[in-house]
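> sequence first, predicted model second:
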Amino acid sequence: MHDITFRYKTSSKAKKVEEVHLKVAASWNELTSGQLLEIIRIQLASLPGDPKVAYHLKNLQLLKTLLGIKWVIIHQFTGVQRLGLYLLLDFLGTVGLTKQLVPLLTCRAQKTLSAEELHGPSERFRNLTFAEFIYCDTLFSFFCKTDKIIFLEKLIACLYRPQRTDYDPKSPTYKGDIRQDFNEHLIEGRLPLIEALPLHVKFAVLAWYRGCRKELEQRYDKVFTESNQIKAAEGDWGDVLLSLSGEKFGTMEQTSGQRVHTVFKEMQRQAREHEELRRQHEMNNHR
């Protein structure tokens, strides 16, 4: 968090000056849910007129949202002060959202009066199964390659699901997920609910997915190699599932039901072990 202090006039005619002290988010994860949604909405908005003026206006809107202050205060900033404060927006150009700021979607399909609640995953993909990740990441890759919104909507319909009927966080059998178990055959049925969501909500979920996936890449660098990334872009995570099945995690079904972090930790361990064996082999050959 940044600590920001400045003074402003309470009104254009008033002589009274007040001092305000603010705690301002310095990263995606320090935003509130409301700030995230408003920032994504502003970023997606298309403003008419001179591009330079539109760019400046967007920055002011983003700054207002980030600081949580009124326009009357924003308008009192000098040009130099605004340029200095624009530095606070730098993190918005990066990928880094891993905190779950949109845990619940209240959806209402078109021409339908009743609303339905869909619950999202935990932060940092903590409760995603490997099967769920494979399916989601294939849809993510398709969206990145085509920019077709249908793939993003399917991704959201995959991630966000109704509450499980036996949900009880105090139960000894509770597995840490409020959502119904992943079932790829039910995704199409949720699409009408997702399609009706505002565009900025869909892209807020996308920002979270990008951030969590990037964290996976950094944490399990031996798994997300260049060759594996190419396979992932082609939707070939299934090859990884086949290669792991029958080993540490049991059958394909048992492996696909494991948490994605559990699977990638094992893959990272195997990759490091393989590298060490190869290094020792090369050393022995040079003796």
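It's in.
> okay, and Thr262 sits in which element?
According to DSSP states H and E, Thr262 maps onto helix 260-285.
> show me what that helix is packed up against.
Contact here means 3 or more Cβ pairs under 8 Å, 6 or more residues apart in numbering; DSSP states H and E; on that basis helix 260-285 packs against helix 130-146, helix 199-219, helix 237-244. For glycine as for every other residue, the C-beta is placed from the backbone atoms N, C-alpha and C.
> to Leu85, which of the ones you listed lies closest?
Proximity to Leu85 (Cβ to Cβ) singles out helix 199-219 among the helices and strands packed on helix 260-285, at 22.4 Å.
> list of residues touching that closest one?
28, 36-37, 40-41, 43-44, 95-98, 100-102, 105, 120, 123-125, 136-137, 140, 143, 149, 152-153, 155-156, 159-160, 194, 223-224, 229, 260, 264 (Cβ atoms under 8 Å, 6 or more residues apart in numbering).
> okay, now the unreliable bits of this structure?
10-15, 110-113, 228-254, 281-282, 286-287 (pLDDT under 70).
> show me where it has its helices.
33-44, 51-67, 71-74, 79-85, 130-146, 149-159, 187-195, 199-219, 226-233, 237-244, 252-256, 260-285 (DSSP state H).
> next, the angle helix 130-146 makes with the longest one.
Pointing back at helix 260-285 there. 80 degrees (axes from the mean of the first three to the mean of the last three Cα atoms, to 10 degrees).
> likewise for the first one?
Between the axis of helix 33-44 and that of helix 130-146 there is an angle of 30 degrees, by the same axes, to 10 degrees.
> counting by contacts, list what helix 33-44 packs against.
helix 51-67, helix 199-219.
> using TSV, please lay out these together with distance to Arg190.
Converted to TSV, the helices and strands packed on helix 33-44 look like this (distance: least, Cβ to Cβ, whole Å):
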stretch	distance to Arg190
helix 51-67	30
helix 199-219	13
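> and those, which is most packed in?
Mean neighbours per residue, mean count of other Cβ atoms under 10 Å, is largest over the helices and strands packed on helix 33-44 for helix 199-219, with a mean of 18.
> tell me the bridge partners for Leu22.
Ile4 (DSSP bridges).
> my guess is it meets Leu63, correct?
No. Applying Cβ atoms under 8 Å, one finds Leu22 not in contact with Leu63, separated by 11.6 Å.
> next, name the residue at the spatial heart of this structure.
Trp208 (0.7 Å; Cα atoms, centre = their mean).
> do you know how far the residue nearest to Leu47 when sequence neighbours are not counted is from Glu275?
With sequence-adjacent residues excluded and distances taken as Cβ to Cβ, 6 or more residues apart in numbering, Leu47 is closest to Ala54, at 3.7 Å. Per Cβ to Cβ, to the nearest Å, Ala54 is found 50 Å from Glu275.
> ok, now Phe142?
For Phe142 relative to Glu275 (Cβ to Cβ), the value is 32 Å.
> ok, those two, which is more surrounded?
Phe142 (19 against 11; other Cβ atoms under 10 Å).
> touching, the more buried one and Phe151? I think so.
Yes. Using Cβ under 8 Å, Phe142 is in contact with Phe151, at 4.3 Å.
> pull the number of nearby residues for Arg82.
14.
> so what's it up against?
59-60, 63.
> can we see that at 6 Å?
Residues near Arg82 by Cβ atoms under 6 Å, 6 or more residues apart in numbering: none.
> how about Asn59?
Tyr86.
> Ala196 reaches Thr106, doesn't it?
No. Using Cβ atoms under 6 Å, Ala196 is not in contact with Thr106, being 10.7 Å away.
> so between the two, which is more surrounded?
Set side by side, Ala196 and Thr106 show more neighbours around Ala196, with 14 against 10, by other Cβ under 10 Å.
> how much space separates that one from Glu30?
30 Å.
> returning to what we had before: of the helices and strands packed on helix 260-285, which is nearest Asn183?
Closest among the helices and strands packed on helix 260-285, using Cβ to Cβ: helix 130-146, at 9.7 Å.
> which secondary structure elements does the closest one contact?
The elements that helix 130-146 packs onto, with contact taken as 3 or more Cβ pairs under 6 Å, 6 or more residues apart in numbering; DSSP states H and E, are helix 149-159, helix 260-285.
> just those helices: most buried one?
helix 149-159 (a mean of 22).
> what residues does that helix touch?
By Cβ under 6 Å, 6+ apart, helix 149-159 touches 120-121, 135-136, 139-140, 142-143, 187, 190-191, 194-195, 202, 205-206.
> nothing else from me, thank you.
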